[in-house]
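Visitor: Starting from these lines, generate the structure:
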Amino acid sequence: MKILHVFRAPAGGLFRHVRDLAMEQTRAGHEVGLICDSTSGGKMADETLKTLAPRLALGIERLPMPRLPGMGDLHALRAIRARVRARAPDIVHGHGAKGGLHARLSARAANARAVYTAHGGSLHYSWKSPQGALFLGAERLLLARTDGLIFVCDFERRAFETKIGQGKCPRKVIHNGLSKEDFAAIPPNPDAADLLFIGELRMLKGVDVLIKAIALLKDRGKQVCAVIVGDGPDRKVFEELIARHGLQRAITMPGAMPAARAFPLGRIMIVPSRAESFPYVVLEAQAAARPLIASDVGGIGEMLPATAMIPPDDPAALAAAVERALEDDGIFARAKSRQNEIRDIFSAPRMAQQTLAFYDSLL
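Guide: Residues are numbered from 1 along each chain as shown. Here you go, the predicted model:
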């Protein structure tokens with residue numbers, strides 16, 4: 001098959017998903033290409049895409065693809081349609097709200113099948129807000145241009161069917177997966193911080209909840225240190241919150257880096273998100289045999305035991321869980337056991353095989 005993946009930002013878990021899927025599909029003998037935004041992702045994205053480009057038969061195209069709706073979408077759509085037409089793919093697979101929009105409005109230019117994976121995206125919004133009504137309304141209209149839906153977890157499927165509708169097109173839940181190389185224990189450095197966060201620095205990810213939890217522990221006389229890895233639009237807000245609580249020495253923010261480089265910096269992984277779909281970082285932490293505490297949101301419960309989860313947006317609950325974890329002598333042994341449990345269930349080859357079979361059923 002000839003397969004084009006369309007998505008906006010080459011960053012975060014969505015990009016990781018597309019990258020792994022594209023490489024596995026290439027190894028299986030298919031011609032694959034990517035179309036994504038040229039204004040986001042930074043140096044890390046540039047380096048990753050540069051490495052990928054020679055291995056993808058249909059190449060990589062980058063063009064301005066604005067995050068919010070506007071006239072820029074029309075320019076992007078024209079450019080994407082031209083590229084789709086030129087490559088004549090069998091499948092145009094859109095990822096995320098903006099990638100899904102452009103993929104589904106461009107696929108017919110080449111008589112291709114349009115597949116959509118939401119990755120959370122518009123599903124984080126409510127019909128009650130004007131912005132949410134706009135995004136969810138667009139999703140509902142786009143169902144008519146959708147040949148197949150793939151969900152990365154059952155939570156996402158249920159949210160889509162509740163907010164958007166059942167639709168008539170085929171659908172399948174295919175969990176994210178990791179490569180064999182990812183399943184290697186990464187021990188913490190001797191001077192590692194107690195806690196580690198890896199992700200985009202925005203309110204949705206609950207970084208402020210983590211900071212407040214550490215402040216609560218400080219008020220109880222418990223000195224806990226953390227490393228917050230990542231970058232994003234709310235970095236300054238979090239820096240100000242750290243200063244307000246006098247935690248400048250307890251919390252460091254070294255910027256964005258790959259998860260494998262970040263894992264040695266902290267002993268216990270914290271995922272305090274207010275909303276998620278099926279975040280890769282939770283899989284990556286388990287694959288690295290890293291203990292973790294995560295919010296019970298989205299599809300996290302489909303890959304993590306209930307004992308490792310806490311209510312979202314609750315600094316007190318997070319502080320209590322951290323306190324218990326730091327006093328638990330068996331926490332690393334259980335993390336190693338969990339690594340072995342998920343090795344075959346959440347694998348990238350399995351994810352790609354199921355995705356290719358779904359494409360084939362549409363064709």
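Visitor: for this protein, what spans make up the strands?
Guide: Applying DSSP state E to the chain gives strands spanning 2-6, 31-37, 59-63, 91-95, 113-117, 148-151, 171-173, 193-198, 226-229, 251-255, 266-271, 292-295, 309-310.
Visitor: now, of the ones you listed, which is deepest in the fold?
Guide: For those, average neighbour numbers computed from mean count of other CB atoms under 10 Å are highest in strand 91-95, which has a mean of 28. Backbone N, C-alpha and C define where each C-beta goes, glycine included.
Visitor: Show me the contact partners of that one.
Guide: Where contact means CB atoms under 8 Å, 6 or more residues apart in numbering, the residues beyond strand 91-95 that reach it are 1-7, 14, 17-18, 84, 100-104, 106-107, 110, 112-117, 119, 150, 359, 362-363.
Visitor: Off-centre distance for stretch 148-162?
Guide: Here the centre of mass of C-alpha atoms in stretch 148-162, compared against the chain's by CA atoms, centre = their mean, to the nearest Å, lies 15 Å away.
Visitor: lowest-confidence helix or strand of this protein?
Guide: Using mean pLDDT, DSSP states H and E, the weakest-scoring helix or strand in the chain turns out to be helix 42-52, at a mean of 90.
Visitor: mind listing what's buried in that one?
Guide: Buried residues in helix 42-52, defined by neighbour count with 16 or more other CB atoms under 10 Å: 44-45, 48-49, 52.
Visitor: Not counting its neighbours along the chain, what's nearest residue 172?
Guide: The spatially closest residue to residue 172, leaving aside those adjacent along the chain, is residue 358, at 5.1 Å (CB to CB, 6 or more residues apart in numbering).
Visitor: how near is the one you found to residue 118?
Guide: Taking CB to CB, to the nearest Å as the criterion, residue 358 is separated from residue 118 by 15 Å.
Visitor: So if I had to pick from these two, which one is more boxed in?
Guide: residue 118 (26 against 18; other CB atoms under 10 Å).
Visitor: Isn't the more buried one up against residue 150?
Guide: No - with contacts defined as CB atoms under 8 Å, residue 118 does not count as touching residue 150, sitting 9.0 Å away.
Visitor: any idea how this structure splits into domains?
Guide: According to automatic domain parsing, the chain is divided into the following domains: 2-177+347-362, 181-342.
Visitor: measure the shortest one end to end?
Guide: For domain 181-342, the first-to-last residue distance is 14 Å (CA to CA, to the nearest Å).
Visitor: Please apply the same query to the first one.
Guide: Length of domain 2-177+347-362, first residue to last, CA to CA: 14 Å.
Visitor: before we move on, the earlier item: I'd like to know which of the strands of the chain is closest to residue 218.
Guide: With CB to CB as the measure, strand 251-255 is the member of these nearest residue 218 (10.6 Å).
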